[in-house]
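Novice: following is a predicted model, sequence given first.
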Amino acid sequence: MKKILLPLVLLLATHTVAIAQSTKSNWPIIRRQTDQLMEGTQVFRFFGLAAPNIQQNESQLRPDFSNRFPDEYELRDLLSGLQRMGSRVTRTFSLSVYSPADSGMPVYLPARRTYNEAAFRCLDQMLALAPSYDVRFIIPFIASQSFGGIRGVDEFAALAGKPAGSFWTDEEVKADFRHFLDFLLLRKNTISGLLYKDDPAILCWQLGNEFGSYAGDRKLSYAEWTPHIQQWCTEMAAYIKTKDPNHLLMEAGGTDREAMLANPHIDIISDHLYEYWNRLGGQPWELAPIAAASWQQCRGRKVLMVDEFGLGSIDNLRQLMNTISSSGIAGGLLWSIRGHRRDGGWYYHNEGGTPINSYHPPGFANGYAYNEQRLLQLLRQQAYAIRHMPVPAIQPPAPAPVLMAHGGGLTWRGSAGAAYYQLQRALQPKGPWLVLATGLHDAVVADVAHFEPSAAARWPLVLFTDESAKPGLTYYYRLKAVNEAGSSEWSPVFTHHQ
């Protein structure tokens, strides 16, 4: 293992320089012109994928939580995956709040008016890397839900010793949230040196995630809680614009839409469209008509984004994307991408027991049940069509993979864009090399729904076992990533004594 430390250190040093240089590009803050986004003088439209783990990994965490926050490799891997898909926009998930139910898991907000610097340095790095990949971020502040490892509005209120529901109405809790907004909007990025309020990597802030779910998730009265949520949104939107007049602001549902369309501080209306959840709710399966009706409501008034869509048949999603493209809807984000692990393989996520798992560009055969490869190909085509651009050629995988020993076999840090890998073995560090295996995949989990994704003992996964190796011998291995455009560089040579 020591033989690969020097190349990795040099690689990280090179990446750190690249981060500092990337902020020098001429990259304007996205503005709004009535119902359209503008990048300088050009209309800005997009298709891509949401990246809810780009600022914090939520599952498949190590027992010591050392992979809770993505490192530079994991950030670059996700950003490269988005770029290869033609995704100029992505959406993080909400910033995590402490809960005693999460067994000491690190979060962004660990206590009242207290902020985890290690977490925010991950956010700094994410934003500083963005210009190099031409990816901009939608960042929701807080979740209405209480998802494990993320938590939301009720846990935020609990930091001040307040009961559930007081987030929306209690003046002390509102003051705490404004304190958080001050910290976030006025934060100086430790890498780029930019204040967040001045950073063009941020496409927009979002008041939160799915505030419309708050009452329903808790079996509360919508009639009672919608006015509270609406008043909170009105107050906070006005406050945010006093601290950050540069960035656009997106609402988060849970209110009367007409009120948000009339609000001078709200720039963007959000839609989340899912065939599966709509079907459960008794709404039409077809998503395109819902998007079309929503656009007619917003047209000429505010920007509309479908910042989450998915969990549906490929035909239904194709029709939705066609409707987004042919209307004036700014764009859409498929839910959702997960990236490579720094210690081997991928992160995974199953969507509530559905057949649909997370997407891993360029797509793999084990995603056949939810059309992963076909849907990703369609999404990439749409990402360029909405910009009136030809689809560019696929780029070779990068960076070179890194081999590691694990569980009596081998795993590896993967390459973005890799369709498969070729493994070679030798008895000497410089060869001659024998092709030991080709067509290897690092996407090896066929059905994430049937095991506990937080079971740390399963992660990382063994990706290859050299059953032909003889005990007592020392072997040398190297690996490269391959796709239709070519291959990566060879990995550093990995030495393993049987």
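Specialist: Perfect, thanks for sending it.
Novice: break this structure down into its domains, please.
Specialist: If you go by automatic domain parsing, the domain ranges for the chain are 26-385, 402-497.
Novice: secondary structure class for Val445?
Specialist: coil (DSSP: H, G, I helix; E, B strand; the rest coil).
Novice: with Asp182 instead?
Specialist: Under three-state DSSP, Asp182 falls in the helix class.
Novice: that one and Pro100: what is the separation?
Specialist: Separation of Asp182 from Pro100 (C-beta to C-beta, to the nearest Å) stands at 26 Å. (Glycine included, C-beta is placed from N, CA and C.)
Novice: neighbour count winner among these two?
Specialist: Set side by side, Asp182 and Pro100 show more neighbours around Asp182, with 13 against 8, by other C-beta atoms under 10 Å.
Novice: which pLDDT value belongs to that one?
Specialist: Asp182 carries a pLDDT value of 98.
Novice: with Ala385 instead?
Specialist: For Ala385, the predicted pLDDT is 98.
Novice: surely Glu484 meets Ala419?
Specialist: Yes - under the criterion of C-beta atoms under 8 Å, Glu484 makes contact with Ala419 at 6.9 Å.
Novice: quick one, which of those two is more surrounded?
Specialist: Using other C-beta under 10 Å as the criterion, Glu484 and Ala419 rank with Ala419 on top: 17 against 10.
Novice: residues in contact with the closest residue to that one other than its chain neighbours?
Specialist: Excluding the flanking residues, the one nearest Ala419 by C-beta to C-beta, 6 or more residues apart in numbering is Asn483, at 4.1 Å. Listed by C-beta atoms under 8 Å, 6 or more residues apart in numbering, the contact set of Asn483 reads 362, 394, 396-397, 417-420.
Novice: over to Asp307?
Specialist: For Asp307, the contacting residues are 50, 91, 138, 206, 250, 270-272, 332-333, by C-beta under 8 Å, 6+ apart.
Novice: parallel or antiparallel, list what pairs with the helix or strand containing it.
Specialist: With secondary structure defined by DSSP states H and E, Asp307 is part of strand 303-310. Taking DSSP bridges as the criterion, strand 303-310 forms sheet pairs with strand 268-274 (parallel), strand 331-334 (parallel).
Novice: longest strand in this protein, please.
Specialist: strand 474-483 (DSSP state E).
Novice: roughly how far does Asp442 sit from Asn26?
Specialist: In this view, Asp442 and Asn26 are 37 Å apart by C-beta to C-beta.
Novice: between those two, which one's more packed in?
Specialist: For Asp442 versus Asn26, the count of surrounding residues by other C-beta under 10 Å is larger for Asp442: 25 against 7.
Novice: other SSEs contacting the helix or strand where Leu261 lies?
Specialist: Using DSSP H and E, Leu261 sits within helix 257-262. Where contact means 3 or more C-beta pairs under 8 Å, 6 or more residues apart in numbering; DSSP states H and E, helix 257-262 is packed against helix 222-243, strand 268-274, helix 287-298.
Novice: which one of the domains of the chain is the most hemmed in?
Specialist: domain 26-385 (a mean of 19; mean count of other C-beta atoms under 10 Å).
Novice: what does the pLDDT read for the residue positioned nearest the centre of the chain?
Specialist: Most central in the chain under C-alpha atoms, centre = their mean is Ala51, positioned 1.2 Å from the mean C-alpha point. Note on Ala51: pLDDT of 98.
Novice: can you check Pro460 too?
Specialist: pLDDT at Pro460 comes out at 84.
Novice: wait, Cys233 sits on Arg257?
Specialist: No - using C-beta under 8 Å as the test, Cys233 is too far from Arg257 to be in contact (11.4 Å).
Novice: would you mind measuring from the residue nearest to Asp271 when sequence neighbours are not counted to Trp335?
Specialist: With sequence-adjacent residues excluded and distances taken as C-beta to C-beta, 6+ apart, Asp271 is closest to Val306, at 4.8 Å. Separation of Val306 from Trp335 (C-beta to C-beta): 10 Å.
Novice: in three-state terms, label Glu467 for me.
Specialist: Going by three-state DSSP: Glu467 is coil.
Novice: same question, Leu127
Specialist: Following three-state DSSP, we place Leu127 in the helix state.
Novice: who's in contact with it?
Specialist: 137, 189, 192, 194, 196, 199, 201-202.
Novice: closest to Gly345 out of those?
Specialist: Set against Gly345, the nearest of the contacts of Leu127 by C-beta to C-beta is Phe137 (25.5 Å).
Novice: contacting residues around that closest one?
Specialist: Taking C-beta under 8 Å, 6+ apart, one finds 89-92, 126-127, 130, 201-203 in contact with Phe137.
Novice: which neighbouring elements make contact with the helix or strand in which Asn278 is found?
Specialist: In this structure, Asn278 sits in helix 275-280 according to DSSP H and E. Counting by 3+ C-beta pairs under 8 Å, 6+ apart, the packing neighbours recorded for helix 275-280 are helix 287-298.
Novice: list the helices and strands the helix it packs on packs on?
Specialist: Judged by 3+ C-beta pairs under 8 Å, 6+ apart, helix 287-298 is in contact with helix 257-262, strand 268-274, helix 275-280, strand 303-310, helix 314-326.
Novice: quick one: Arg84 from Val135, how far?
Specialist: Shown here: Arg84 relative to Val135, a distance of 11 Å by C-beta to C-beta.
Novice: please apply the same query to Ile240.
Specialist: Distance check for Ile240 against Val135: by C-beta to C-beta, it reads 23 Å.
Novice: and for Ala383?
Specialist: Here the criterion is C-beta to C-beta. By it, Ala383 lies 12 Å from Val135.
Novice: give the intersection of the neighbour lists for the two.
Specialist: 87-88.
Novice: quick one: residues contacting Leu440.
Specialist: 420-423, 463-464.
Novice: again, only this time at 7 Å
Specialist: 420-421, 423, 463-464 (C-beta atoms under 7 Å, 6 or more residues apart in numbering).
Novice: which residues does it bridge with?
Specialist: Beta bridges link Leu440 to Tyr421 when assigned by DSSP bridges.
Novice: chain center to stretch 478-491, what's the gap?
Specialist: How far stretch 478-491 lies from its chain's middle: 25 Å, per C-alpha atoms, centre = their mean, to the nearest Å.
Novice: ends of it, what's the gap?
Specialist: With C-alpha to C-alpha, to the nearest Å as the measure, stretch 478-491 spans 5 Å from end to end.
Novice: where does the nearest residue to Ala237 once chain neighbours are set aside land in three-state SS?
Specialist: The shortest distance from Ala237 to any non-neighbouring residue, by C-beta to C-beta, 6+ apart, is to His265 (3.9 Å). Using three-state DSSP, the secondary structure recorded for His265 is coil.
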